[in-house]
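1. Whatever this is, show me its structure:
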Amino acid sequence: VTDISTLLARKSTSGLMIPNLSANAYGPVYKQAVAAGIPILNYLNDAVGPRITFVGADESVEAATGAQLMGTKLKGTGTVGCIAQLNQPDLVNKAKVYASTIKSMFPNMKTVPAQTYDGSPQGGLTTFKSVFTKNPDLAGMYWADGSGGAIAQSIHAAAPHVKLLLTDTVPASTGAVKAG
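-> Residues are numbered from 1 along each chain as shown. As a prediction, the model looks like this:
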């Protein structure tokens, strides 16, 4: 937020593209931008305004589609979960949409509560192992924040039967998909 305020103070700033991670934190800089006549384009999520436009996927649709894919892959049975950095409102929403879609479309499936982690590969693996230890029947995991690809191989080594739903497209993720 401080960096954005610094950019707004520059006479050369003619517009900003902002990821908009926290409505409470970003709200004041949006007001500052409006007062300075500087347009803002949101990306990543669209929780704060005013802005001139939003660029990005509808994350609720992504989560619902992911739940449909997971439920279909598991033939409507089994236990599934969701891991993400749940300090971001958009990721909290994705986890809720995923769980509610599973519940409504696949009544024979069980969801475990969404889990948060620190964003590091080691933190993600530790969180996954904790969920898996408490739920040895875990059949699927939705990695909702786009960081799962970095540890997909480690997760498959720890729990080879667990299906992973990844939202990132880095080589590690696409390689994990190709490997099954």
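2. Run through the residues that contact residue 129.
-> residue 158 (Cβ atoms under 8 Å, 6 or more residues apart in numbering). The way it works is simple: take the backbone N, C-alpha and C, and place the C-beta from them, glycine included.
3. roughly how far apart are it and residue 31?
-> For residue 129, the distance to residue 31 equals 44 Å [Cβ to Cβ, to the nearest Å].
4. Which residue ranges of the chain form helices?
-> Ranges of helices within the chain are 2-9, 23-36, 59-73, 89-105, 121-134, 152-158, 171-178, based on DSSP state H.
5. pLDDT on the second one, on average?
-> Confidence over helix 23-36 (mean pLDDT, whole number) is 82.
6. who touches it?
-> Contacts to helix 23-36, defined as Cβ under 8 Å, 6+ apart, come from residues 1, 4-5, 8, 16, 18, 20, 39-40, 47-51, 89.
7. just these now: which is nearest residue 121?
-> Closest approach to residue 121 among the contacts of helix 23-36 (Cβ to Cβ): residue 89, at 23.6 Å.
8. In this model residue 98 seems to touch residue 64, though I could be wrong.
-> Yes. With contact defined as Cβ atoms under 8 Å, residue 64 counts as touching residue 98 (7.5 Å).
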